[in-house]
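Engineer: can't give you the sequence, but here's the structure:
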């Protein structure tokens, strides 16, 4: 079986870097221990080995397709939903009373990371069903919960989130899907939604759509949006299902993730599409966005996992492919010597280290976000709840964006390791390159995430969020200084943190004067800058933990394992973190070249 994720690294991140066992001391998780969670992770890995990874290329070669009003997907979608449901992949982090296992979201995130790395075309079907069920559990009434949630958590029914419309794109304030109240307790839904992942397939008995729509007479803009449960088939009192006037119009054919269907849906073409209000009218966007953090963690997780699969594919090739010869001391090659494996060439090693740095650094950041989520929901005081909610809000844009953007760059370098073969369909790197590209678009594009980071999160609470986060980073910096070898790296990260303040001192006057277009014009550059600092923080933490365990007789992993982490940290600080200086130069430049002037010059 080929490798797509390193379980030792994943467990090191979980138990050593992020101290998962500390979470198990909280009341919510007291029924679990390290052994039971290891069993969950290993059973997930076994499921990935047998039912996901062997089909990743086949799902690309035999994509989902639309025919006669229905979307047809690969047979493994049924396996993912039904067996995944049995394993608890959908329900694991839910409350016992809702049919869940009540395991930490941190452990559940690690498990789904494994599945994403095994075959990124499949976990989304379960993930969206989980997200839709979570919305119903949190905000819908008891009757709706009992009607829909059990079949969703078992994998028998699917679930989706229906936000985007043809005329609106990412601008949710322009949603026009309508909801007309009736005296029967339901609303009549009319409209269209596009880019609906997992929107239809031949194996689901039902698909439960969570639809954003505007009730007649509601205010314009986002304040007038409500949330509705709109099943493909509506359940009857007898337990049977009746078609609910939800039409699958088409399936979008994509450059990657071809096995993960993306549909165009129509509602109410026959004036018989019924929807049931979730919570209160006009609160739909608030409900949806309360679940958005988990969704954005999911996108970042999948991107990092695809990059992981790409790294191990290129690493295997580099260890098997002989080509060229190493230079001798006189700068010449001896043609009589046997060829070197390409992993011996420094430039190839640089590309592999880049991949490893991106994969493991982003993996750790994603797990950190999941841990913050766990602490927030189990907080024993308002102070603790506020702190970890704020920390999570601060890092979420980076958690979603860095793995998506840097992960794509990493897979691109993996493709380069293979040379010409990387461009050929015989090797999987080209598929991973296509698969990962969507990550920067899912759940809010990089531009949207960047504006969220600089426009909302950095300014949140008059800068209190940034202060909380800076304190966390400084705590890691101080802890790392206990190891003499890490002091230079700690000091370098501290300097980069100070550079953040200099940049904000330059940019903030634009926001204070009301010139938000100028303030946010280079938000994506700030995202790149800030992401490198957060990943630098992550790598310093990883290296500190590795140093703690190095040369100890009772350490769970070999010295080579820990040295590998420390060396990768050195790569990141030597090759990636210095890029912040270039980003800072751009951000503090007075240029307004990207802002539209009276006379257009892009033509």
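Structural biologist: Thanks, I have the structure now. Computed from a predicted structure; not experimentally measured.
Engineer: Need the residues that contact stretch 99-110.
Structural biologist: The contact list for stretch 99-110, computed with C-beta atoms under 8 Å, 6 or more residues apart in numbering, reads 10, 13-14, 18, 20, 23-24, 28-29, 31-32, 37, 40-41, 88, 91-96, 149-150, 153, 294, 297, 301, 366-367, 370-371, 373-374, 377. Just so you know, the C-beta spots here come from the backbone N, C-alpha and C atoms, and that holds for glycine as well.
Engineer: Weed out the non-buried ones from the residues you listed.
Structural biologist: Among those, those buried by neighbour count (16 or more other C-beta atoms under 10 Å) are 10, 13-14, 18, 20, 23-24, 28-29, 32, 37, 40-41, 88, 91-94, 149, 153, 294, 297, 301, 366-367, 370-371, 373-374.
Engineer: Which ones among these map onto helices?
Structural biologist: 10, 20, 23, 37, 40-41, 149, 153, 294, 297, 301, 366-367, 370-371, 373-374 (DSSP state H).
Engineer: So which residues of the stretch 351-500 of the chain form helices?
Structural biologist: 382-417, 429-436, 446-451, 464-480, 487-512 (DSSP state H, counting those that start in this stretch).
Engineer: And for the stretch 151-300 of the chain?
Structural biologist: Along the stretch 151-300 of the chain, counting by DSSP H, counting those that start in this stretch, helices occupy 284-290, 292-320.
Engineer: which helices and strands does the first one pack with?
Structural biologist: This means helix 284-290. helix 123-139, strand 206-215, strand 225-231 (3 or more C-beta pairs under 8 Å, 6 or more residues apart in numbering; DSSP states H and E).
Engineer: Columns mean neighbour count on top of these, output as TSV?
Structural biologist: Below are the helices and strands packed on helix 284-290 laid out as TSV (neighbours: other C-beta atoms under 10 Å):
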stretch	mean neighbour count
helix 123-139	24
strand 206-215	25
strand 225-231	26
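Engineer: May I see these arranged in a markdown table, with distance to residue 193 and mean pLDDT as well?
Structural biologist: Shown next, in a markdown table, are the helices and strands packed on helix 284-290 (distance: least, C-beta to C-beta, whole Å; pLDDT from 0 to 100):
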| stretch | distance to residue 193 | mean pLDDT |
| --- | --- | --- |
| helix 123-139 | 13 | 95 |
| strand 206-215 | 7 | 96 |
| strand 225-231 | 10 | 96 |
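Engineer: can you put the ones you listed in JSON lines and add distance to residue 267?
Structural biologist: As requested, those are exported to JSON lines (distance: least, C-beta to C-beta, whole Å):
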{"stretch": "helix 123-139", "distance to residue 267": "16"}
{"stretch": "strand 206-215", "distance to residue 267": "7"}
{"stretch": "strand 225-231", "distance to residue 267": "6"}
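Engineer: Output the below-cut-off pLDDT ranges for the protein.
Structural biologist: Counting by pLDDT under 70, the chain has low-confidence residues at 1, 168-171, 173, 325, 327-336.
Engineer: domains of this structure?
Structural biologist: Listed by automatic domain parsing, the domain ranges of the chain are 31-290, 292-587.
Engineer: Out of those domains, which is closest to residue 593?
Structural biologist: Closest of those to residue 593 is domain 292-587, at 9.1 Å (criterion: C-beta to C-beta).
Engineer: That closest one spans what distance, first to last residue?
Structural biologist: Here the two ends of domain 292-587 are set 29 Å apart, with distance taken as C-alpha to C-alpha, to the nearest Å.
Engineer: just stretch 243-257 next, same as before
Structural biologist: Terminal residues of stretch 243-257 lie 29 Å apart, using C-alpha to C-alpha.
Engineer: Tell me the buried residues in it?
Structural biologist: Residues 244, 245, 246, 247, 248, 249, 251, 254, 256, 257 are the ones in stretch 243-257 that count as buried (16+ other C-beta under 10 Å).
Engineer: just checking, the fifth one touches residue 67?
Structural biologist: No. Taking C-beta atoms under 8 Å as the contact criterion, residue 248 and residue 67 are not neighbours in contact, 10.1 Å apart.
Engineer: can you pull out the strands in the stretch 51-200 of the chain?
Structural biologist: Taking DSSP state E, counting those that start in this stretch as the criterion, the stretch 51-200 of the chain carries its strands at 65-67, 70-72, 157-162, 178-181, 187-197.
Engineer: Pairing partners for the first one, with directions?
Structural biologist: Right, the one you point to is strand 65-67. strand 70-72 (antiparallel) (DSSP bridges).
Engineer: what about residue 59, neighbour count?
Structural biologist: Residue 59 sits with 25 neighbouring residues when counted by other C-beta atoms under 10 Å.
Engineer: I'd say it and residue 119 touch.
Structural biologist: Yes. In this structure, residue 59 is within contact of residue 119 by C-beta under 8 Å, at 6.9 Å.
Engineer: I'd like the strands of the stretch 51-200 of the chain as a markdown table, with mean neighbour count appended.
Structural biologist: Shown next, in a markdown table, are the strands of the stretch 51-200 of the chain (neighbours: other C-beta under 10 Å):
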| stretch | mean neighbour count |
| --- | --- |
| strand 65-67 | 13 |
| strand 70-72 | 17 |
| strand 157-162 | 27 |
| strand 178-181 | 19 |
| strand 187-197 | 21 |
